[in-house]
Each structure stands twice: as C-alpha cells, then as structure tokens.
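Q: Please find the sequence and the predicted model below.
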Amino acid sequence: MDKKILDSCVAECDKLFSSCKDLGFKGSAALVYDLSNGESSVFDIPSFWFDSYISGPALAARLWAEFCGPGVDDKSLFELDNPVVITAGAVSGKGVPCSDITSFAYRSPQDGRLSINTVSSFFGARLIKRGYSALIITNRARRQSVLHITCDGLNLEVTERYSMMSVSETEKALGLSSDCSSVVIGPAGEKRVAYATAVSDKKACGRGGLGYVLGLKNLKAVVINAPVQEKRDTELFSELSEIVESEKIKSSMGSCGSSYFIRSANRSGWAPVNNFSLRTDPRLFFLSSDEIIRSLGSLEEIPPYDSILMLGSNCGCFDPSTVVSRCRKVLDLGFDPVSLGNILGWAREAQKRGVLLFSKNMDFSNNNDVFSIISQIIYGTGFGFHARGGLAEVSSFYEASQYAYHDEGLESGPADMRGSFYQALCQARRTWFAPYPAFFPYYKKTDTAAMFEFFETLSMGLECFGLSSYLVCCHLMNTKEVKLRYASADPCLIRNLFAPSSEAAILCSLSSVEGSADCIAVKAMKKKGIRKKILLLKAKLRRIPTGTVTEEDILNAGSRCRFLIDRINEALGHSGTNIPDYFKTDPQSNYRKESVVPFFSLLEGYGRHRTLTEAMAFRAEKKR
C-alpha cells in the first residue's frame, strides 16, 4: 500500500464532505497511546470531521487512515503500522435505549480490508465520560500488558500474570467493578490465531481478527473505569413498549433472542448444515429456541443464532447442551465462532473424503473432539499448525480447497446463501445484518438489492449517530414482564427501522424533533394493500445542542460512511466484492427447491441503487 494514495483518498473524502450540514455536535479529542514507549498524547480532531463523520464507524475509519503507517501491508510490521481505533457513539451513556455502542477499526489479518465492527458495549460510553471521543492504540508493547484508563490517567500494567487465561478468567483476575468495561482477548489472540476476536461486555467484538491484532501488540486487555448512566428512560419509550407488546416480534424475539431465527432457517432453507452441503435438517428442531430453553432452563444462556448454527449444525452436531456449552467455551477462548465453525465443518468433510485420515476423530458430536482440535489450533500443533492461519491456508495446504468456502480469506457464514440472497450481499459487503426474511415473508416479493442497499445506508447512518441498528429490543422495551437482561441492546436482536421495498427511503421517515424530549413513536401504515409497520424515530440526539436531525441527515451520514470505507479499501487494494463460486453454481441440497445465488445481477442492482442514493446525498451536501 502506498500511504500517499491512502492520504489522497481520504483527503478527497474530506473535501467532498466539507460542506456537510452543521448539526451542532462537536465531540472531544482522541486519546492516543503508544505501546512502545508508554506515552500518551491527545489528538485534536478537526471540527469539520464531526460534521462529516459525526461518530462511530465513520470517525473510526477516518482516524485509522490518519494514524496507520506505510508498513501496514507488511505482516512483519503489522502490529506497528496497524493502529486499533475505538470510538464511542454520539449519544452513548445518555440513557437512550440501544445507544451504547462502541466501534472498532483496524486492518483485518484475514482479508486485508479495513474491518469496522460496531458492538453493543459500554466501553464507548465510559470513554466519553473520561472526556474522549476515541482511543487510538499504536505500535507494540515489549511484553504482555494491560492498559488501564482511570480518572487518574493511563497506566500500562506490564505483566504476564494473565498469560493464557480465558476471557472470563482474565476479567475475574482484573477484579472489574460495575463501573468498568473492558476489551479482552483470550488464548487464541495471544497465540496469533488469525480469526481470534476480542470480547467486551460478554459480547464478541465482531469478525476480522481483532484478537489477532491485539495479540500482536502484546495487549491482553484494555480496561476503562468510569461510571455511566445505564438506566434507560423507559417512561419516555412507553408508547413503543405498548406497541411491541402486541407484535409477533415481542413473543418470539422477546423470549428467546436471535435463536428464534434457527427455526426459520430450517423452514426457509438457509441453515448451514454439514459444511454448507445441506440447507435444512429435521434435527435442527433440537437447536431451536424452545428446545434450548427447555434443556437449559435459562434465557440468559442462549448464544446468538450464528454461533449455534456454525458450531452446531455446520459441524454435524444437534445436541443443544453440547452446542451451547461449545459456543460459550469458544468465545471464552477468544475465537470468532463463525470462522471456527466454518473451519471445523470443512475439517469434518475433509476427513470423510480421506484427506485428514491421520488426524484425530472429527465427528464433533461431542465437545472432547472439538476442544482437542481447538487446543491444536491454539498451540499450533498437528492439524492446528495450518488451521490457525484460517480456512484459506489450511485448505490450500491439504489440497482440499474445492469445498472450502471463504472470500479472500474471510470464512463464509452464518447462512447458506443459496437460501437467502440477502445474506450473499451481506457476505460480499462485509456488512452483517439480521436475517429479516425470517420475520417478514413479503421481503421475498421485493427487490433484494434495493432492500439491502437501503438497510446498509440506514444502519451505517444510525451507527454514525451512535444508535445501534438493532433497535427493536423486546428485552429492553417489555419492562413489565421481562427484566433488563442486557445492559445494552444485544446485537442478536432485530432492527427497529425496516421497510420491505425500494420505496423504503420514502416510507421510513425519521422525523426531526424540536425541543428536549426523547420519544419513539411507532405507527402502522398501508400501501398497495400491504400492511407495513414503519418505526419512526423521533429521538432527539442529546449530544446535539443545536439544530435537528432528519431522515435525510441519517441516510446521508450512512452514504458518507460507506463511501469513506470503500475508498480506504480501494487504497488498500481491495475494491471488489465476491462470494464463493460454490453458492453461485451448485443448486444441489436436500431442500425442496434448488437454488443458486444470482450474485452478479444482485451486485448490478445494488450498484444501481447505491449510485442513486449517493448522488442524492452528495447533491444535497453541495447545495449547502
């Protein structure tokens, strides 16, 4: 990568967005910490960046481009020139439901792209409480360290006492109080497993290898101590609570989280089964939410649907207690459950085809076999020596790439794209959405490309303003019957804003609000005889002292965020999007309807709608 080209690309974005509407939001400075010498500094974020990128993923991407070094392409310098940027949402810690999000930006060791992950965590809210809009971690510590951020400043604890501890063991050893949040890696990250993740507030910090990057930097954990407002303003959202009570979403998602999607995946034919060879299986019934609840007797123990499918059905295991304990252990060790599940599914098929005859049993119906393979991956022994590098590396070494499903090194999942074209665009664009067709059958009658383009723009826009794109959260809204199990919105939950057609931008109007009150009103409207429940966001962003936020502002922010990330990836040498050829050419499965992904027509439609959206957004900016 030529750093000059990258600087030119982001400078072009700065110039293009220089006339953005001034919403009155001016964030704080960024805290920069150099692990190599233990020195900290403050970077004064230009004021126009807050107008252009606001907060969240867009600001994280812009800061990453500012601080990355010329050697970010060189794996030997990966930990030095690849900073990790953590940004807070604009309304984090303000009591607004689903607003406590934290964004991470870093270059992925798996596919080489700029990876942007936004997760539900109080880390960002506590960062704002300490007076910063972002934390930028540069270079590499000489020994394993833990970075502490307190009211007294920053302290780098250089110690190996946490070495090879799991995430839960590390959190316990750190003695975290209720006023603390952390970002912790497990043994997978310490041992440089390419698809290792980090964990914050008991949630995985997305895909792409964040744990690997932090492991290279010898950073075991980042701990921040700051009290924040965790209580939600439930009275202000009582109208939404009453409406959600009467919805199907409440009765399904409210009781079992995202595991509800498993039954839909089996019925609609998009469940990954036996390394994506099948799209449905009667045994998936045992992994459904009702069966898991019956087996475990606790709602809080249900993992996300993607972990259950990839570590369960894709590996040929359908026992609920085995799969749930497996999901919990895998995350505790610091693995990305989706990538690991893909690799285990491939290994199981490779052994059946006679490729891995010398390896241990890979039946994976019990956890002893799985944990034995995981141990090999962590320590780089036997099969794990190449598996720790990812599916692309291990399948190439064993000459079994024909049934290894990944794109540029990032493993596919958590859906069989032949049964959900929507998920094909999610995989290609590295944008992870909830499987909406599980709830709304009329999506199948609409333009998938148009629907995806709208959701991508809207979700990025919401996250730039600090609002989680997963806003319909029955766990939070049904306060009379269900306790607040999650401190913030779980990313398993379906989004608040949805519209099933290409006219979504017109139908889904995010009305501006004047005054100081926050409220969300949900209205139902009819168009062409089809009832469409449109959630109208009227939450005034408390961090914005002047001006109002309209639907145009949110969608335009999403367009700018997407444009910036794509320009950075182009400078990094990754301009194309694709999915494995298997899903585009092979219709065979045990599902009643054969199907292949019409990927190129989807991509053409997506590009057409995106061009229109960006033209409207940038034209509006120029008028100002």
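A: That came through fine. Numbers count the residues shown, from 1 in each chain.
Q: what does the lengthiest helix in the chain rub up against?
A: The residue-count maximum for a helix in the chain (DSSP state H) belongs to helix 599-623. By CB atoms under 8 Å, 6 or more residues apart in numbering, the surrounding residues in contact with helix 599-623 are 16-17, 19-21, 421, 424-425, 428, 447-450, 452-454, 457, 502, 505, 552, 555-556, 559-560, 562-563, 577-579, 583-584. C-beta: built from backbone N, CA, C; applies to glycine.
Q: Only the buried subset of those, as a ChimeraX command please.
A: Buried residues among these (16 or more other CB atoms under 10 Å), as a ChimeraX selection:
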select :16,17,19,20,21,421,424,425,428,447,448,449,450,452,453,454,457,502,505,552,555,556,559,560,562,563,577,579,583,584
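Q: among the contacts of helix 599-623, which are in helices?
A: 16, 421, 424-425, 428, 448-450, 452-454, 457, 505, 552, 555-556, 559-560, 562-563, 583-584.
Q: Return the distance of the longest helix of the chain from the chain's centre.
A: Relative to the chain's own centre, helix 599-623 is displaced by 23 Å; criterion: CA atoms, centre = their mean, to the nearest Å.
Q: what's the answer for stretch 559-568, then?
A: For stretch 559-568 - counting by CA atoms, centre = their mean - the centre lies 17 Å from the chain centre.
Q: just stretch 329-345 next, same as before
A: 15 Å.
Q: wait, is His148 part of a helix?
A: No - counting by DSSP: H, G, I helix; E, B strand; the rest coil, one finds His148 to be strand, located in no helix.
Q: burial measure for it, as a count.
A: Using other CB atoms under 10 Å, His148 has 19 neighbouring residues.
Q: can I get the CA coordinates of stretch 594-606 in CSV?
A: Output of stretch 594-606 as CSV, limited to C-alpha atoms (Å, rounded to 0.1, in the frame of the first residue of the first chain):
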residue,chain,number,x,y,z
GLU,A,594,-32.9,-25.9,-5.9
SER,A,595,-31.3,-22.6,-5.9
VAL,A,596,-28.1,-20.7,-6.8
VAL,A,597,-27.2,-17.1,-6.0
PRO,A,598,-27.7,-14.7,-8.9
PHE,A,599,-24.8,-12.8,-7.5
PHE,A,600,-23.8,-10.6,-10.4
SER,A,601,-27.4,-9.4,-11.0
LEU,A,602,-27.7,-8.7,-7.3
LEU,A,603,-24.4,-6.7,-7.4
GLU,A,604,-25.6,-4.8,-10.5
GLY,A,605,-28.8,-3.9,-8.8
TYR,A,606,-27.0,-2.9,-5.6
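Q: For stretch 33-48, give me every contacting residue.
A: Stretch 33-48 has contacts (CB under 8 Å, 6+ apart) with 14, 18, 20, 26-32, 59, 63, 66, 80, 133-142, 145, 147, 153-154, 156, 217-219.
Q: Among the residues you listed, which lie within helices?
A: If you go by DSSP H, these have 14, 59, 63, 66, 80 in helices.
Q: ok, the third one touching Val32?
A: No - between Leu63 and Val32 there is no contact under CB atoms under 8 Å: 9.4 Å.
Q: more crowded one of those two?
A: Remark: of Leu63 and Val32, Leu63 carries more neighbours, 25 against 20, as counted by other CB under 10 Å.
Q: Do you know the pLDDT at the more buried one?
A: On pLDDT, Leu63 comes in at 97.
Q: what does Pro57 give?
A: The model's pLDDT for Pro57 equals 94.
Q: I'd like the secondary structure assignment at it, please.
A: Once three-state DSSP is applied, Pro57 turns out helix.
Q: Report the contact partners of it.
A: Neighbouring residues of Pro57 by CB under 8 Å, 6+ apart: 87, 103, 105, 116, 118, 460, 463-464, 561, 565.
Q: Could you break the chain into its assigned domains?
A: Listed domain ranges for the chain are 3-225, 271-411, 420-623 (source: automatic domain parsing).
Q: wait, which of the ones you listed is closest to Ser259?
A: Taking CB to CB, domain 271-411 is the member of these nearest to Ser259, at 4.1 Å.
Q: quick one: average confidence on that closest one?
A: For domain 271-411, the mean confidence score works out to 91.
Q: Off-centre distance for it?
A: Centroid separation between domain 271-411 and its chain, computed with CA atoms, centre = their mean, is 20 Å.
Q: how far does that domain stretch from start to finish?
A: Using CA to CA, to the nearest Å, the end-to-end distance of domain 271-411 comes out at 16 Å.
Q: Same question for stretch 87-101.
A: End-to-end distance of stretch 87-101 (CA to CA): 9 Å.
Q: anything in contact with each of Leu63 and Val32?
A: Residues touching both Leu63 and Val32 (CB under 8 Å, 6+ apart) are 43, 136.
Q: could the ones in helices among the contacts of stretch 33-48 be laid out in JSON lines, adding distance to Gly312?
A: Below are these laid out as JSON lines (distance: CB to CB, whole Å):
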{"residue": "Asp14", "distance to Gly312": "46"}
{"residue": "Leu59", "distance to Gly312": "37"}
{"residue": "Leu63", "distance to Gly312": "38"}
{"residue": "Glu66", "distance to Gly312": "42"}
{"residue": "Leu80", "distance to Gly312": "39"}
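Q: Let me know the closest of these to Ala196.
A: Leu80 (18.8 Å).
Q: ok, now how distant is the closest one from Lys4?
A: Using CB to CB, to the nearest Å, Leu80 is found at 19 Å from Lys4.
Q: Mind checking which of these two has more residues around it?
A: Set Leu80 next to Lys4 and count neighbours by other CB under 10 Å: Leu80 wins out with 18 against 10.
Q: Hmm, that one is touching Pro70, no?
A: No - applying CB under 8 Å as the test, Leu80 and Pro70 come out as separate, 10.3 Å apart.
Q: Any stretches of the chain with poor pLDDT?
A: Applying pLDDT under 70 to the chain picks out residues 1, 23-24, 75-76, 94-98, 229-257, 298-301, 358-359, 433-446, 469-551, 619-624.
Q: re earlier: could I get the domains of the chain in CSV, plus columns for distance to Tyr260?
A: Putting the domains of the chain into CSV (distance: least, CB to CB, whole Å) gives the following:
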stretch, distance to Tyr260
domain 3-225, 18
domain 271-411, 5
domain 420-623, 7
